[in-house]
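> got a sequence here, can you build the structure:
(one chain, ligands or ions: 2)
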Amino acid sequence: MERFDKNGKLIIPLTQRKKGTKELDEQQVRYVLTEAYCPNGCSIIDKENEINGVPGLRMKFKRPSMEGEMVLSAIEGDFDKIILSGELEDGVKDELYCPHCDIMFGKLVNCNCNPDADMVVIGLTPKLDFNNSISFCNVTGCVNGTSIKSGDILRHMRLRGY
Ligand SMILES: [Zn+2]
Ligand SMILES: [Zn+2]
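Numbers count the residues shown, from 1 in each chain. Ligands and ions are numbered 1, 2, ... in the order given. A predicted model of the protein is given here:
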């Protein structure tokens, strides 16, 4: 299911969208991120790499055997991403870092998909505010995976008693 965008970069839809739902999807109001920051306050919005017409969120990923950079869609519920370098592996966890200053993104709670999976937190303000942030699982292919979802972090916090 691999394909290339107009700039020749690889886009991998990790989760297939349901067929025949495109019209419905377009009628829905979708949450689109226009700002996202690393814990040190670098903007990670990447205007060079748009996904579905919107500048994506750029980050570095690292695991023992691999490192690279990817851009996530800034559109809520959109699993499309661009792999700039390296490779992601289904079911495997990566640590995520700022592409500018190399600080690791914060983690809040475990994702229930895997004992060592984490929900990574990305702030929408230069100074991290949990009420204004998104979170997603750092395991490739997880249903809570690298697709942004507003509000999820607060639900997770309540569930886990934080
Ligand atoms: Zn940074
Ligand atoms: Zn997960």
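> ok, now which ones touch the closest residue to residue 104 other than its chain neighbours?
Counting by Cβ to Cβ, 6 or more residues apart in numbering, residue 104 lies nearest to residue 97, which is 5.3 Å off, once chain neighbours are set aside. All C-beta spots, glycine's among them, are computed from the backbone N, C-alpha and C. The neighbourhood of residue 97, defined by Cβ atoms under 8 Å, 6 or more residues apart in numbering, consists of 59-62, 103-105.
> give me the pLDDT for residue 97.
Listed pLDDT for residue 97 reads 97.
> cool, residue 147 as well?
Value listed for residue 147 in the pLDDT field: 50.
> go on, residue 109?
76.
> just confirm it is within a strand.
Yes. Membership of residue 109 in a strand is supported by DSSP: H, G, I helix; E, B strand; the rest coil.
> correct me, but it touches residue 120?
No. Counting by Cβ atoms under 8 Å, residue 109 does not reach residue 120; the two are 10.3 Å apart.
> between the two, who's got more neighbours?
Neighbours around residue 109 and residue 120, counted as other Cβ atoms under 10 Å, are more numerous at residue 120. The numbers are 21 against 17.
> so the more buried one bridges to which residues?
When assigned by DSSP bridges, residue 120 has beta-bridge partners residue 107, residue 136.
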